[in-house]
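*Asks:* Below: sequence and its predicted model.
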Amino acid sequence: MGEVTGGPGFVTERGSFRAAHVADQNVERQAFVLDQVAGRPAVRALKAWALEQLAPAAGETAVDVGSGMGEDVLAFATYGARAIGVEPSPGLRAEAARRTGRAEAGRRAAGAEAAQCAAGAEATLRAAGAGAALRGAGAEEVRRAPASGAPEGVEFVDGRAERLPFEDASVDVVRCERVLQHVDEPGDAVREIARVLRPGGRVALIDTDWGTSIIHPADPDVLQRIVDYFRGETANPYSGRRLRGLLVDAGLEITGETAATWIEPQDGATTGFVGMMHTTAARAGVITDAEAAAFTKTLGDAAERGVFHMSLTMYAVSARKP
Ligand SMILES: C[S@@+](CC[C@H](N)C(=O)[O-])C[C@H]1O[C@@H](n2cnc3c(N)ncnc32)[C@H](O)[C@@H]1O
């Protein structure tokens, strides 16, 4: 089997993204998967949409919940916001801090305009001062930050969506992407986001809905068993369709919504996310090795003819606190 790239936010072959599994996670593997996913057009489109909706003002406190590699935290900082990533995985926090430090250096070196922008953002960040009031264990971590060369104004703190390390009404902007699918009680997480937002504060949620996955061509019975197994392993597989309701139930006012469909390239028929699905399903005994082999052959033959199809839709919803 070739490299497993994983899907838009799903489990990796060796470990999941669930916060409860942080001790077993293979950070290198996760970084590889997140990098692959981050490059896909559907993901780029939704990240850009969310940033446009949230557009933090200089000096505002902007939080990314489940910040992974830290790319979106850095994007907040380029607006002059005090940018904080909340991330339960120590390995991902360390990797994000390392990468954002490197990205900041690259951005300065990229040319006069970028340098000016970075300098302006940093000046604003210094002027922004304390920003959101942090509480609990997260506060200690922020006092130690920035770690590993992360730029001033960019911080990565320990925490979970269900219990955010911020005081009530102390945050201006929150984003949370492809995280709620890994959370058992997403309602608790969105109520937490509503709690920490100040009146007038903005939020954007992005997530996959595994009810939208299509794989073709395949034996329908084998495919159904693979998909059922996969959905059963996900804490909240239909997260995408629930985003709007979670925001409304938390007392927030919807300001926008959009969607983007991930289409797997032909070379992903057997080696990418689809390959990971049937391999893990076979390991779990949901399909036999013979069924897995036939499934792969059907898809591989289709890809050779350029007629393989795999797609999955992701949703984004923005809201404000009244
Ligand atoms: C698929 S990754 C998405 C990362 C990032 N948001 C992005 O867009 O690339 C899911 C992230 O959520 C984090 N996560 C999992 N459970 C969480 C929870 N309960 N609270 C906060 N983050 C969580 C994982 O550690 C991981 O960084």
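*Replies:* Now that the structure is in, tell me what you want to look at.

*Asks:* host element of the residue sitting furthest away from the middle of the chain?
*Replies:* Taking Cα atoms, centre = their mean, the residue of the chain most remote from its mean C-alpha position is Ala290, at 34.7 Å. For Ala290, the host element (DSSP states H and E) is helix 289-304.

*Asks:* same for that helix, what does it pack against?
*Replies:* On a contact count with 3 or more Cβ pairs under 8 Å, 6 or more residues apart in numbering; DSSP states H and E, helix 289-304 meets helix 220-233, helix 268-271, helix 273-283. Backbone N, C-alpha and C define where each C-beta goes, glycine included.

*Asks:* right, and the helix or strand after it?
*Replies:* Next element after helix 289-304 (DSSP H and E): strand 309-320.

*Asks:* before we move on, back to that, ok, and what's touching the helix holding Ala290?
*Replies:* For helix 289-304, contacts defined as Cβ atoms under 8 Å, 6 or more residues apart in numbering pick out 215-219, 222-223, 226, 266-267, 269-270, 274-275, 278-279, 281-282, 287, 308.

*Asks:* which of these come close to the ligand?
*Replies:* Taking Cβ under 6 Å from any ligand atom as the test, the ligand is in contact with none of those.

*Asks:* just the buried members of those?
*Replies:* The neighbour-count test (16 or more other Cβ atoms under 10 Å) marks 215, 218, 222-223, 226, 269-270, 274-275, 278-279, 281-282, 287, 308 as buried among those.

*Asks:* residue ranges of the strands in the stretch 101-250 of the chain, please?
*Replies:* Taking DSSP state E, counting those that start in this stretch as the test, the strands found in the stretch 101-250 of the chain are 154-157, 171-177, 197-208, 214-216.

*Asks:* With mean pLDDT as extra columns, can I get those strands in JSON lines?
*Replies:* Shown next, in JSON lines, are the strands of the stretch 101-250 of the chain (pLDDT from 0 to 100):
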{"stretch": "strand 154-157", "mean pLDDT": "93"}
{"stretch": "strand 171-177", "mean pLDDT": "98"}
{"stretch": "strand 197-208", "mean pLDDT": "98"}
{"stretch": "strand 214-216", "mean pLDDT": "96"}
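
*Asks:* any chance of the ones you listed in TSV, with distance to Arg163 too?
*Replies:* Converted to TSV, the strands of the stretch 101-250 of the chain look like this (distance: least, Cβ to Cβ, whole Å):
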stretch	distance to Arg163
strand 154-157	12
strand 171-177	14
strand 197-208	15
strand 214-216	36
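
*Asks:* wait, which of those strands is closest to Arg191?
*Replies:* Taking Cβ to Cβ, strand 197-208 is the member of the strands of the stretch 101-250 of the chain nearest to Arg191, at 10.8 Å.

*Asks:* any residue of that closest one up close to the ligand?
*Replies:* No - Strand 197-208 stays clear of the ligand (Cβ under 6 Å from any ligand atom), getting no nearer than 7.2 Å.

*Asks:* Quickly run through the sheet partners of that strand, with directions.
*Replies:* As defined by DSSP bridges, the strand partners of strand 197-208 come to strand 171-177 (parallel), strand 309-320 (antiparallel).

*Asks:* now for the strands of the stretch 101-250 of the chain, which one comes closest to Glu71?
*Replies:* Of all the strands of the stretch 101-250 of the chain, it is strand 171-177 that lies closest to Glu71, at 10.0 Å by Cβ to Cβ.

*Asks:* Which residues does the closest one contact?
*Replies:* With Cβ under 8 Å, 6+ apart, strand 171-177 has contacts from 9, 46-47, 50, 54, 56-57, 60-66, 72, 76, 81, 132, 161, 189, 193, 196-198, 201-207.

*Asks:* tell me the contacts of whichever residue of the stretch 201-322 of the chain sits closest to the ligand?
*Replies:* Of all residues in the stretch 201-322 of the chain, Ile206 sits closest to the ligand, at 7.2 Å by Cβ to the nearest ligand atom. Neighbour list for Ile206: 46-47, 50, 175-178, 243, 314-316 [criterion: Cβ under 8 Å, 6+ apart].

*Asks:* By neighbour count, which of those residues wins?
*Replies:* Most neighbours among these, by other Cβ atoms under 10 Å: Arg175, with 29 neighbours.

*Asks:* Quickly list what Glu257 is bridged to.
*Replies:* Counting by DSSP bridges, Glu257 is bridged to Val317.

*Asks:* show me where pLDDT drops low in this protein?
*Replies:* 1-16, 102-151 (pLDDT under 70).

*Asks:* Recalculate using a threshold of 80.
*Replies:* 1-16, 20-25, 101-152, 271-273 (pLDDT under 80).

*Asks:* Would you tell me which residues of it are close to the ligand?
*Replies:* 9, 17-19, 34, 38, 65-69, 87-89, 92, 160-162, 177-179, 182-183.
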